[in-house]
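1. sequence first, then the predicted structure, then my questions.
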Amino acid sequence: METLLDAQRWTGVFFVPGGFDNRFAGELHYSPTNGIELDASLLGREQLCDGEVLHGHLSDGSSCSLVGDFSLSGSIKRVQMGTPSFRCRVAFRFLILGRHITLDESIQSVNLDLSNMQEFFYPEHSVHQIPLSADASISVPLPFGSITMHQTASLSPLANEVTALLYSTNEKALQELEALFSTIQEKYGHELYRRDSFAYRVSIKFDSGTSLSEAHSNIRRLANIFSLFTYSPVYPTQTEVLFKEGRRSATLYTSSILDPRTVEICKSSTSHWHMPITANKVNLREVIQSWFSKENDYTTVISSLQNETRVYTISEIYGSIVLLTSQMETISVRHKVPAKEKYEYPIKKFGSLHLHEILCETLACTDLAKLGVAIGNLRGDIAHVGRPLNYINKLTTLKLLQVSECMRLIVIGFILSEIGIPFALIEKYQDHFALDRLT
C-alpha cells in the first residue's frame, strides 16, 4: 500500500473553480522529496489562469483540489501546425484527494498515522495479543480541541465452524469447543466478529474548525514529539481530513522537500524493543499537553532530528556544535546559573553519566568543570577568527561528531525533562542512542 512517503503520479483534467469549460490536461506528481507539482498542457490563451485553488478530475475517477498560489500565465508557448499550446510546471502547497474544496471551508478533524508510530504503542509480532477495546484510547484536551490516540481494526463475520479458526490434535477438546461455540453463536452470532487487522491511529479534532495551514501545523507539531520520542525523523504516512461541510474524508498531501536519505530513515522499521520511550512508559496525556504549550521553544533541535540523514559534512558538524552550545547557554540562563558554569551545568543536570564519560574522554578532561571550559574553547575555535586553536586541529571529524551528538542528547534531555519525562528514562534514552550512533 502506497503511503505519503512514496512518490505517486496521476493524470487528469484541471480547472479553476467554476471554469470546467476551460479545463486543461495535466500530469500531477507527488513525492516527499520534490513536493506537489502539476505539469500542465494548455491549448489556448483562455486556459491561462492564476489563483489559489485548482480543481481536478483524475483518470482513476477521483476528484482533487490543489491549494497554493499559482500562475499559468508564464507558460512556455509552442506553435505546432499553426496551433498555439502552452506548457508549464506549477508547484502547490497542498493536494486534497477525493474532494473539491474552497478556501473558506474549514477542517473539522484529521485522522492520521505516523512513521513507526505502531511500534511506539506495541511490538508488531505481539499485535494478536492486544485486545480491541474502546477503553484503550487516550484523549488529550488542548486549547483548539483534542488529540485522541485510539485503536482501529477491520472486522469480518466469524466463521460458522470453530475448527476453521482453531486446531488441536486432541479431537475431544475440539468437539467440546465446537459444542460451546455453537451455543454461544446461537445466542450472540450476529455480534461475533473476527479481527482481520489492528492498528493505532491519531485523531485531531478542532472544536471550531480550522484552516488547512493550521491543521498542517498541528500535524507537524504532533510528528515532532514522536520524532523526539524515537530520536529519528517522523512524518505522516496517511492523513485523512474531514471538512465541516463534508460527509466523507479526503486524503491530504502536503508539499515537502526532504532529503531522500531522511525518507529512507522514516521508512525503515524500528523495533518496539529498541525504543527507550514507548507509550506504556510515559503519561502521554500530560506529555502531549506540555509539548503543545512549549514546542516552539525547541525548533532548532527538532529541525535537526526531522531532517536527519546520518551523513554529516564537517561544516554541518561545526554549525551543530555552535548552535548546541547556544542551546546549552539558554538552559543555564533559564535556570539562573552563573556564566562560568553555562556549559558545565546542562551536562551535569541533564546528561547521563555515560555521556559525561564520552565527552571527557573525547576532549581529554578529568572532570565536569574542565569539560565545560573545553566545550567553550571548542566553540571559540569554530566561531572566532584569530584565536589560538585548542581543539580543531587535534580532533578528527569522528571525534567532533561524537561531541556534537552528545551535546544534542544533553539538550534533548533538558527538553524531555521539561515535558514531564522522568530522568531515569531520559538516562536510558541517552545511553541507548549514544551507543546506537557513536559505535
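-> Received it, and whenever you're ready, just let me know what you need.

2. what's the helix or strand for N111?
-> Assigned by DSSP states H and E, N111 belongs to strand 107-114.

3. name the helices or strands packed onto that strand?
-> For strand 107-114, the packing partners by 3 or more Cβ pairs under 8 Å, 6 or more residues apart in numbering; DSSP states H and E come out as strand 193-210, helix 212-230, strand 236-243. Heads up, the C-betas are built off the backbone N, CA and C, glycines and all.

4. in CSV: the ones you listed, plus mean neighbour count and mean pLDDT.
-> As requested, these are exported to CSV (neighbours: other Cβ atoms under 10 Å; pLDDT from 0 to 100):
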stretch, mean neighbour count, mean pLDDT
strand 193-210, 16, 91
helix 212-230, 20, 97
strand 236-243, 21, 97
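
5. for A374, which of the ones you listed is the nearest?
-> helix 212-230 (27.5 Å; Cβ to Cβ).

6. element containing the residue nearest to G26 when sequence neighbours are not counted, please.
-> Distances taken as Cβ to Cβ, 6 or more residues apart in numbering place A40 nearest to G26, at 4.5 Å, with adjacent residues excluded. Using DSSP H and E, the element containing A40 is strand 35-42.

7. and the contacts of that strand?
-> For strand 35-42, contacts defined as Cβ atoms under 8 Å, 6 or more residues apart in numbering pick out 14, 24-30, 48, 54, 66, 68, 72, 75, 85-95, 253, 255-257.

8. just want the most central residue of the protein.
-> Y235 (2.5 Å; Cα atoms, centre = their mean).

9. surely that residue touches L4?
-> Yes - here Y235 reaches L4: they are 7.0 Å apart, a contact under Cβ atoms under 8 Å.

10. spit out the residues that contact those two alike.
-> Listed as contacting both Y235 and L4 by Cβ under 8 Å, 6+ apart are P32.

11. so where do the strands sit in this protein?
-> When assigned using DSSP state E, the strands of the chain occupy the ranges 8-15, 24-31, 35-42, 50-58, 63-71, 76-80, 83-92, 94-97, 107-114, 138-142, 145-157, 193-210, 236-243, 250-254.

12. how many degrees apart are the strand holding A40 and strand 250-254 in direction?
-> Interaxial angle, strand 35-42 versus strand 250-254 (axes from the mean of the first three to the mean of the last three Cα atoms, to 10 degrees): 100 degrees.

13. could you export strand 35-42 as PDB, CA atoms only?
-> Taking C-alpha atoms only, strand 35-42 is exported to PDB below (Å, rounded to 0.1, in the frame of the first residue of the first chain):
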ATOM      1  CA  GLY A  35       6.600  18.200  -3.200                       C
ATOM      2  CA  ILE A  36       3.500  18.600  -5.200                       C
ATOM      3  CA  GLU A  37       3.900  19.600  -8.900                       C
ATOM      4  CA  LEU A  38       1.500  19.800 -11.800                       C
ATOM      5  CA  ASP A  39       2.700  19.500 -15.400                       C
ATOM      6  CA  ALA A  40       0.000  21.400 -17.400                       C
ATOM      7  CA  SER A  41      -0.700  21.300 -21.100                       C
ATOM      8  CA  LEU A  42      -2.900  24.200 -22.300                       C
END
